[in-house]
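Asks: With the sequence up front, the predicted model follows.
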Amino acid sequence: MQIRVQCGCGESSCPEWAVVELQGVVQPQPSFAGDIRGLHIGRLCSTPSPSSSSKAGYTFTVGYHELAGTKVALKKPLLVLRKKKVNGGDQDPPTAAAAADVELEVIGVIRHKILFKDRPKALISKPPTKEKKTLQSSAT
């Protein structure tokens with residue numbers, strides 16, 4: 001069986017994607033019932049890196065946790081593909097000829113991953129309360 005792979009954007013102009021690699025599990029609330037499309041997980045930001053370092057830095061904020069990560073090149077690039085049916089794909093019995101009517105379209109190339117390998121830093125801190133300030137000022 002032969003499946004054609006088509007890239008209409010040209011090798012130099014394919015959109016560049018990246019993989020985000022986390023240590024652990026990201027669990028949505030039970031109210032999402034398994035459908036996490038369009039779910040806002042957190043905020044990913046690039047951080048200014050010193051000129052001596054060749055690796056770019058990133059921070060990923062999820063709720064009250066902040067992770068620090070770096071951009072790492074993959075040994076082999078990966079392709080992001082979309083399955084397309086080519087003319088004649090509406091046959092009732094599935095046959096080997098029907099499988100030949102499928103084409104894969106390249107929609108992106110992944111050459112890097114953003115690796116978060118350290119434990120998250122907690123962002124929760126208690127702000128000073130007004131009661132402490134009033135007690136200190138009345139004592140003087």
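Replies: Alright, I've got the coordinates.
Asks: Report all helices and strands that the lengthiest strand in the chain contacts.
Replies: Taking DSSP state E as the criterion, the chain has its longest strand at strand 65-85. Packed against strand 65-85 by the contact rule (3 or more C-beta pairs under 8 Å, 6 or more residues apart in numbering; DSSP states H and E) you find strand 16-22, strand 57-62, strand 102-116, strand 121-122. C-betas here are computed from N, CA, C, even on glycine.
Asks: Which of these sits closest to residue 84?
Replies: Closest to residue 84 of those is strand 102-116 (C-beta to C-beta; 4.8 Å).
Asks: between the longest strand of the chain and strand 102-116, how many degrees?
Replies: Per axes from the mean of the first three to the mean of the last three C-alpha atoms, to 10 degrees, the angle that strand 65-85 makes with strand 102-116 is 170 degrees.
Asks: As CSV, could you dump the C-alpha coordinates of strand 65-85?
Replies: The C-alpha coordinates for strand 65-85 follow below in CSV (Å, rounded to 0.1, in the frame of the first residue of the first chain):
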residue,chain,number,x,y,z
HIS,A,65,2.9,26.9,39.6
GLU,A,66,5.8,28.1,37.4
LEU,A,67,8.1,25.8,35.4
ALA,A,68,11.4,26.8,33.9
GLY,A,69,12.5,25.1,30.7
THR,A,70,14.9,25.3,27.7
LYS,A,71,14.6,24.8,24.0
VAL,A,72,16.3,21.6,22.8
ALA,A,73,16.9,20.5,19.2
LEU,A,74,15.5,17.1,18.2
LYS,A,75,17.9,14.6,16.7
LYS,A,76,15.5,13.9,13.8
PRO,A,77,12.7,16.4,12.8
LEU,A,78,9.1,15.3,12.9
LEU,A,79,6.3,16.1,10.5
VAL,A,80,2.8,17.2,11.4
LEU,A,81,0.4,15.6,8.9
ARG,A,82,-3.3,15.9,8.0
LYS,A,83,-5.1,13.1,6.4
LYS,A,84,-7.0,14.0,3.2
LYS,A,85,-9.4,11.9,1.1
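Asks: what is the orientation angle of it with strand 16-22?
Replies: 130 degrees.
Asks: Now do strand 65-85 against strand 57-62, angle only.
Replies: 90 degrees.
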